[in-house]
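*Asks:* I would like the atomic coordinates for the input below:
(chains A and B)
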Amino acid sequence: MIQATDLAKVYGEKTAVAGVTFTVEPGRVTGFLGPNGAGKSTTMRMIMGLDAPTRGTVTVNGEPYARHRAPLREIGALLEARAVHPGRSAFQHLHALAATHGIPSSRVGEVIDMTGLGAVARKKVKGFSLGMGQRLGIAAALLGDPQVVVLDEPVNGLDPEGVVWVRNLVTYLASEGRTVFLSSHLMSEMAQTADHLIVIGRGRIIADAPIRDILDGQGRARSRVRTDSPAELIALLAREGVSIAAQEDGHLEVTGLEPREIARAALGAGILVYELTPLQASLEEAYLQLTRDDVEYESHPAQAGGGAAPGVPATAGPATLREVIR
Amino acid sequence: MSTLTSSAPASSANHVPGPSFLRVLNAEAIKTRTLLSTTILLLCAVALMAGFAALQAWGTGEFTRAAATDPEAAAALAQQGGDIALTIPTAAVSFTQLIIGALAVLAMSSEFTTGMARATFSAVPQRLPVLAAKLLLVVVLAFVVTYSGAMLGGLAAQPIVQEYDLALDLASQDVQRSILLNGVYVAAVAAMGLGLGTLLRNSAGAIVTLVAGLFVLPIIFQLIPGEFFEEARKYLPTNAASAMVQWGVDPVAGSQLLEPWQGALILAGYVAALVVGAAASLKARDV
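*Replies:* All right, here's what the predicted structure looks like:
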């Protein structure tokens, strides 16, 4: 089990993680989903005791990571990028790590077989492909047969066969009662693997719910609205917790309001609404909806002609969603 | 998948071994001997010392032969005083310290440049045992390489010094003391290198800083006129070391060096400052 309480990391001016509280439960795969730069890796480094939190705490099986007598036996992690000296072989790398915990060589052989590295275990890591590097990272994470497994973007660079392998592996680990915490910026990956989802954007938790609930879009009603006076309707509806996206073909997508509330507000203001459709989100849509305003490196399309209400971004270029959040 | 584990995972059982110092030392020893480049450089350092000692023996021999006929050379020889053959085995120490110093820097900086640090310090979250294990390893390796290189050099020099009727008794107290003190000096350079590598986490930056401290600063201090720099120069690491290795040797007339014990203390001060700084930085900074 991993428990984070008001966990925050600030680098100078930049807030990477802004006080997150969450629990990763054993016996299921918990996905950690968010766009690049959302704070996933920073959070994982704090779990592993590599980065010191600016504020708050995070514990693994009830203790801060560094307090465990045999940390590799508690939690194993694959963190972003490679954590191997390129001049050593996979076997030598794992052997050195195992030595710190008195883990026998037989276990090194086991994780090498398990991750399918047998054929290259004696070769220098320098020549490894990204996928082989990921497999070596996963082998290192499993070395201590830990209760908790943290994998940062494990399917990065893996071939389709490898992706399926990771999926089966994490499902199996969770079925054994282990805590599995898996990060990704790919929602499609999460839909296939995770039981529970924690969505992070700009260092804040946006959603923490079973994947089913997020797919159902619970708590965030979403409607498609067509009206002749979009600017007026946006001005009318915009408030805390409501996001409105002006779509290319002229309709609006309103999130955070029940259709009845929209209709009532429009009626009260005398605005004609000729379509009001409740929307069912796919995970992809749900994710975009959740993180759109939390994307740090957003690509801004060129601004098209004017005509937008004050405070509302002009209608955007092709196939782009713009929205207002108050 | 059935190979993963034979039983359900157990949570924090007390009998499982953790990263004790000896285990960390073992892990670091594995890391050291599994890098081919390290082994090659260490052997090069030994070979370099042996070869340089032979060259030095030849040069010294020619010098003494010239002194027999040339009064100018004789005067220069007289000015050097002491036992001229004493420094033959350790002739290459200034090169050895460069190789060993760079290796010691890399022992820690490569952890950070390759990302290995994330794995290393996940396994040993207390961090300081890793620094201590690396320190022990580089210091012992530095000493062993210098000592064995100097002894090999002394042996290689034997036929040459005999050719020139010079005496170099490797078993004599003076020669042994000189070799041991040079070994201690190179070990100190290794400790300083490891400290710099830990502080800067950047291989090139730390090696350049080490070289600047050992070789460039003394030259700069010598070039700047004024009594202050003449006095301050004595306290630089290389000059303090030069004073230390003169232990038990009559000082050369007009020597610009401190007393040997003062030199040893100053050198120890540099080592302590860098190692303590490295430990504090390693403990405090994010990996």
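*Asks:* please make it C-alpha for all contacts and neighbour counts, starting now.
*Replies:* Noted.
*Asks:* neighbours of the residue nearest to B:G193 when sequence neighbours are not counted, how many?
*Replies:* In this structure, B:G193 finds its nearest non-sequential neighbour in B:V105, 4.6 Å apart by C-alpha to C-alpha, 6 or more residues apart in numbering or on different chains. Number of residues near B:V105 (other C-alpha atoms under 10 Å in any protein chain shown) recorded here: 31.
*Asks:* might you report the residue contacts of B:V105?
*Replies:* B:190, B:193-198, B:203, B:206-207 (C-alpha atoms under 8 Å, 6 or more residues apart in numbering or on different chains).
*Asks:* check which helix or strand it maps to.
*Replies:* helix B:93-114 (DSSP states H and E).
*Asks:* list the buried residues for that helix?
*Replies:* Within helix B:93-114, the residues that count as buried by 16 or more other C-alpha atoms under 10 Å in any protein chain shown are B:93, B:96-114.
*Asks:* cool, and stretch A:5-21?
*Replies:* Those would be A:7-9, A:15-21, for stretch A:5-21 by 16+ other C-alpha under 10 Å.
*Asks:* what is the most widely separated pair among the residues you listed?
*Replies:* A:T15 and A:T21 (15.6 Å; C-alpha to C-alpha).
*Asks:* show me the shaky parts of the chain.
*Replies:* Since you didn't name a chain, this refers to chain A. A:81, A:215-220, A:280-287, A:289-326 (pLDDT under 70).
*Asks:* oops, I was thinking of chain B
*Replies:* For chain B (pLDDT under 70), the answer is B:1-15, B:80-82, B:251-255.
*Asks:* center of it, which residue is that?
*Replies:* B:V186 (2.2 Å; C-alpha atoms, centre = their mean).
*Asks:* could you verify that it is part of a helix?
*Replies:* Yes - when classified by DSSP: H, G, I helix; E, B strand; the rest coil, B:V186 is found to be part of a helix.
*Asks:* gap between it and chain A?
*Replies:* 26 Å (C-alpha to the nearest C-alpha, to the nearest Å).
*Asks:* ok, and what's touching stretch B:129-142?
*Replies:* B:21, B:24-25, B:28-29, B:100, B:104, B:107-108, B:124, B:183, B:186-188, B:190-191, B:194, B:279.
*Asks:* could you list the buried residues of it?
*Replies:* Buried-residue list, stretch B:129-142, by 16+ other C-alpha under 10 Å: B:129-131, B:133-142.
*Asks:* from the chain's centre, how far out does that stretch sit?
*Replies:* 12 Å (C-alpha atoms, centre = their mean, to the nearest Å).
*Asks:* likewise for stretch A:115-135?
*Replies:* 26 Å.
*Asks:* tabulate the CA atom coordinates of that stretch in PDB.
*Replies:* Output of stretch A:115-135 as PDB, limited to C-alpha atoms (Å, rounded to 0.1, in the frame of the first residue of the first chain):
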ATOM      1  CA  THR A 115      11.600 -10.700 -18.300                       C
ATOM      2  CA  GLY A 116      12.900 -12.600 -21.300                       C
ATOM      3  CA  LEU A 117      16.400 -11.100 -21.100                       C
ATOM      4  CA  GLY A 118      18.100 -14.500 -21.100                       C
ATOM      5  CA  ALA A 119      19.700 -14.200 -24.500                       C
ATOM      6  CA  VAL A 120      21.200 -10.800 -23.800                       C
ATOM      7  CA  ALA A 121      21.900 -10.900 -20.100                       C
ATOM      8  CA  ARG A 122      25.700 -11.100 -20.600                       C
ATOM      9  CA  LYS A 123      25.800  -8.300 -23.100                       C
ATOM     10  CA  LYS A 124      26.600  -4.700 -22.300                       C
ATOM     11  CA  VAL A 125      23.600  -2.600 -21.600                       C
ATOM     12  CA  LYS A 126      25.000   0.000 -24.100                       C
ATOM     13  CA  GLY A 127      23.700  -2.000 -27.000                       C
ATOM     14  CA  PHE A 128      20.200  -2.500 -25.600                       C
ATOM     15  CA  SER A 129      17.100  -1.300 -27.400                       C
ATOM     16  CA  LEU A 130      14.600   0.900 -25.500                       C
ATOM     17  CA  GLY A 131      12.400  -2.200 -25.000                       C
ATOM     18  CA  MET A 132      15.200  -4.300 -23.600                       C
ATOM     19  CA  GLY A 133      16.100  -1.400 -21.300                       C
ATOM     20  CA  GLN A 134      12.500  -1.400 -20.000                       C
ATOM     21  CA  ARG A 135      12.600  -5.100 -19.400                       C
END
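*Asks:* is chain B within reach of it?
*Replies:* No - contact of stretch A:115-135 with chain B (C-alpha under 8 Å from any C-alpha of the partner chain) is absent, the minimum separation being 10.0 Å.
*Asks:* in that stretch, what counts as buried?
*Replies:* Counting neighbours by 16+ other C-alpha under 10 Å, stretch A:115-135 gives A:115-117, A:120-121, A:124-125, A:128, A:131-135 as buried.
*Asks:* same check on stretch A:151-167?
*Replies:* A:151-156, A:158, A:162-163, A:165-167.
*Asks:* I'd like the residues you listed as a markdown table, with distance to B:F63 and secondary structure appended.
*Replies:* Listed next are these as a markdown table, based on distance: C-alpha to C-alpha, whole Å; DSSP: H, G, I helix; E, B strand; the rest coil:
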| residue | distance to B:F63 | secondary structure |
| --- | --- | --- |
| A:L151 | 68 | strand |
| A:D152 | 67 | strand |
| A:E153 | 68 | coil |
| A:P154 | 68 | coil |
| A:V155 | 69 | coil |
| A:N156 | 67 | coil |
| A:L158 | 68 | coil |
| A:G162 | 71 | helix |
| A:V163 | 73 | helix |
| A:W165 | 73 | helix |
| A:V166 | 72 | helix |
| A:R167 | 76 | helix |
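*Asks:* out of these, who's nearest chain B?
*Replies:* A:W165 (9.9 Å; C-alpha to the nearest C-alpha).
*Asks:* burial count for residue 70?
*Replies:* Answering for chain A, as no chain was given. A:A70, neighbours per other C-alpha under 10 Å, totals 27.
*Asks:* other chain: chain B
*Replies:* 12.
*Asks:* now it: how far from chain A?
*Replies:* 55 Å.
*Asks:* how about that residue, phi and psi?
*Replies:* Dihedral angles phi and psi of B:D70 (degrees, to the nearest 10) take the values phi -110, psi 110.
*Asks:* go on, A:E275?
*Replies:* phi -150, psi 140.
*Asks:* does the residue nearest to it when sequence neighbours are not counted belong to a helix, a strand or coil?
*Replies:* Take A:E275 and drop its neighbours on the chain: the residue closest to it by C-alpha to C-alpha, 6+ apart is A:R226, 4.8 Å away. Under three-state DSSP, A:R226 falls in the strand class.
*Asks:* contacts only, for A:R226.
*Replies:* A:R226 neighbours (C-alpha under 8 Å, 6+ apart): A:250-252, A:273-276.
*Asks:* so what are the domain limits for chain A?
*Replies:* A:2-210, A:222-325 (automatic domain parsing).
*Asks:* around chain B, which positions in the stretch 151-300 of chain A sit nearby?
*Replies:* Near chain B, when you scan the stretch 151-300 of chain A using C-alpha under 8 Å from any C-alpha, you find A:169, A:172, A:176-178.
*Asks:* could I get the full set of helices for the stretch 151-287 of chain B?
*Replies:* Remark: helices assigned in the stretch 151-287 of chain B by DSSP state H, counting those that start in this stretch are B:173-200, B:203-211, B:217-223, B:227-233, B:237-244, B:260-284.
*Asks:* tell me what the fourth one is packed against?
*Replies:* Here helix B:227-233 is seen to pack against helix B:217-223 when contacts are counted using 3 or more C-alpha pairs under 8 Å, 6 or more residues apart in numbering or on different chains; DSSP states H and E.
*Asks:* try it again at 10 Å.
*Replies:* helix B:217-223, helix B:237-244 (3 or more C-alpha pairs under 10 Å, 6 or more residues apart in numbering or on different chains; DSSP states H and E).
*Asks:* same deal with the first one?
*Replies:* With contacts taken as 3+ C-alpha pairs under 10 Å, 6+ apart, helix B:173-200 sits against helix B:93-114, helix B:128-163, helix B:203-211, helix B:237-244, helix B:260-284.
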